[in-house]
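# Dropping a prediction and its sequence here:
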Amino acid sequence: MKRLVLVLVVLPALTASAACGGAAAVQCDQNSTCDLNSGGICSTAGTGNRWCAYPDASCPSGFRYSTFQVGDGLSGVCVATGMDAVALPSTCGPAGTDSCCNSPLIDGGMYFRSYDVANDHSSGKLIGEPVDMNSPATVTGFRLDKYEVTVGRFRAFVAAGQGTLMMHPAAGDGTHPRISGSGWEAAWNASLTPGTTSLMAALKCTSTNPAGFATWTDTPGSNENRPINCISWYEAMAFCAWDGGYLPTETEWNYAATGGSQQRAYPWSNPPSDLTVDALHASYADGTSDNPDCHGDGMPGCALTDIVNVGTKSQGDGRWGQSDLAGNLDEWVLDYNNESTFYVNPCTDCAYLTVSRYRVLRGGDYRNNAIFMRTAVRTSNPPQNRAPSFGFRCARTP
């Protein structure tokens, strides 16, 4: 039997790399007949992974990858013959030689949420409020992407037609493996843009965007290794589901940033109480919100170049190697904001999923003062909002 090998089918004027993937090839491993629908085949991708595909007359090959348990960024993408899938280039990190898909393992353990051992006025969940250790949490080991999702990675998602009302995630996609009911909900479909053209326009976030601060460009350019910004929570959730992962919980994200039981003040703090912060560690700003002086690119004032290529500030990497957990962009996480009690207690692999007006963002951004990069600090925003300061990264099973 002839083996099918494949490539992402991209929209005109969009050059896309394959996405990172990371989901297990469950359906092919368990049932090589791929019988979710009739005529299914178990096709081998250029990565060597095997995914289920089903007949689709609209695809040149006659087959389309399933939207169920398909990784490598190929969920819902047409199977194409004649060439291997294009791998993501290794262009991330300070030298531009690391895989943008790098997703280091984080050892599980127990820690205190929104607490650090510097024990000053910024060591708690609210700046200037008393510090407490009232929110213990236990986290099972997981993987957290080393880098914020880049423009280049997001381009593959857009090129596949994903993240829109026309091609939305299926109900349950992106479910956290230890939190039932945490996956995509059909009611969220309406919060996506109608189609790819409108998504590309929305990524300019013109209503909230200082001139030139959106990293997205309609064609590939110099921003491919900058983090994608102007992202709504819904698009972040949809991307991680498509990419074989899930949005990290706030508990997981905070655990990674504070170095677990080390309770670091900043992700790089060593010893954990060290309050050293400068432009070698993160992209952030001094001054006021109306007149910030950004330090990302080393030039006075603030510009697009202060949103630095992911991993550039390697001295700011966290305990398990994740880059830019402080500064550059605020990062969406899974949780709604609990406006009354802040956190779920007790907590073992928990998330706050009771609907509220806001979803949580973590880490601070290129226009924030250093105080907002402290690992204890949390912010939130309506999930439909988008801004030049909003980005994300994905989590994965070990």
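Arrived safely, thanks for sending. Residues are numbered from 1 along each chain as shown.
# Tell me how many other residues crowd P194.
P194 has 11 neighbouring residues, counting by other Cβ atoms under 10 Å. Backbone N, C-alpha and C define where each C-beta goes, glycine included.
# can you check N338 too?
Neighbours of N338 using other Cβ under 10 Å come to 17.
# With D278 instead?
12.
# Checking it next. Helix, strand or coil?
Taken by DSSP: H, G, I helix; E, B strand; the rest coil, the conformation at D278 corresponds to coil.
# Now do it against H121, distance only.
For D278, the distance to H121 (Cβ to Cβ, to the nearest Å) stands at 21 Å.
# Can you show me the helices along this structure?
Secondary structure of the chain (DSSP state H): helices at 26-30, 151-159, 196-202, 233-242, 250-257.
# Report all helices and strands that the third one contacts.
Packed against helix 196-202 by the contact rule (3 or more Cβ pairs under 8 Å, 6 or more residues apart in numbering; DSSP states H and E) you find helix 151-159.
# what pLDDT, on average, does the helix it packs on get?
Helix 151-159 shows a mean pLDDT of 92.
# Below-threshold pLDDT in the stretch 201-350 of the chain: ranges please.
The model of the stretch 201-350 of the chain has pLDDT under 70 over residues 208-211.
# about what we covered before: closest to P136 out of the helices of the chain?
Minimum separation from P136 across the helices of the chain (Cβ to Cβ) falls at helix 250-257, 10.4 Å.
# For the closest one, give me every contacting residue.
With contacts defined as Cβ atoms under 8 Å, 6 or more residues apart in numbering, helix 250-257 is touched by 106, 109, 111, 113-114, 137, 139, 142, 144, 248, 264, 267, 318-320, 322, 325-326, 331, 333-335, 347, 349-352, 360, 362-363, 375, 378, 395.
# Give me the buried entries from those residues.
Buried by 16 or more other Cβ atoms under 10 Å: 106, 111, 113-114, 137, 139, 142, 144, 248, 264, 267, 318-320, 322, 325-326, 331, 333-335, 347, 349-352, 360, 362-363, 375, 378, 395, out of the contacts of helix 250-257.
# mind putting the helices of the chain in CSV, mean neighbour count included?
CSV is the format used below for these (neighbours: other Cβ atoms under 10 Å):
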stretch, mean neighbour count
helix 26-30, 16
helix 151-159, 25
helix 196-202, 17
helix 233-242, 27
helix 250-257, 27
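# Among those, single out whichever gets nearest to G73.
Nearest of the helices of the chain to G73, taken as Cβ to Cβ: helix 151-159 at 5.6 Å.
# Can you list the helices and strands that the closest one packs against?
helix 196-202, helix 233-242.
# Can you pull out the residues in contact with the first one?
To tie it back to what came earlier, the one meant is helix 196-202. Defining contact as Cβ under 8 Å, 6+ apart, one finds that helix 196-202 is touched by 11, 158, 161, 163-164, 166, 192-193, 216, 218, 230, 232, 235, 386.
# Which members of the residues you listed are classed as buried?
If we count by 16+ other Cβ under 10 Å, these have these buried: V158, G161, G163, T164, L192, T193, W216, C230, S232, E235, R386.
# The second one and W242: what is the separation?
Note on G161: its distance to W242, by Cβ to Cβ, is 11 Å.
# what's the overlap in contacts for these two?
Counting by Cβ under 8 Å, 6+ apart, the contacts common to G161 and W242 are G76.
# quick one: the strands in the stretch 201-350 of the chain?
Assigned by DSSP state E, counting those that start in this stretch, the stretch 201-350 of the chain shows strands spanning 285-287, 292-294, 330-336.
# what's the closest of those to T175?
Proximity to T175 (Cβ to Cβ) singles out strand 330-336 among the strands of the stretch 201-350 of the chain, at 10.3 Å.
# List the strands paired with the closest one, with their directions.
strand 359-362 (antiparallel), strand 390-391 (parallel) (DSSP bridges).
# tell me the contacts of R393?
Going by Cβ under 8 Å, 6+ apart, R393 touches L144, D145, Y147, E148, V149, P248, Q322, E331.
# so the fourth one touches P227, yeah?
Just to be clear, that refers to E148. Yes - between E148 and P227 there is a contact at 3.7 Å, judged by Cβ atoms under 8 Å.
# Need the residues touching each of these two.
Common neighbours of E148 and P227, counting by Cβ under 8 Å, 6+ apart, are V310, D324, N328, L329, G391.
# Counting neighbours, what do you get for the first one?
Other residues near V310 come to 30 when the count uses other Cβ under 10 Å.
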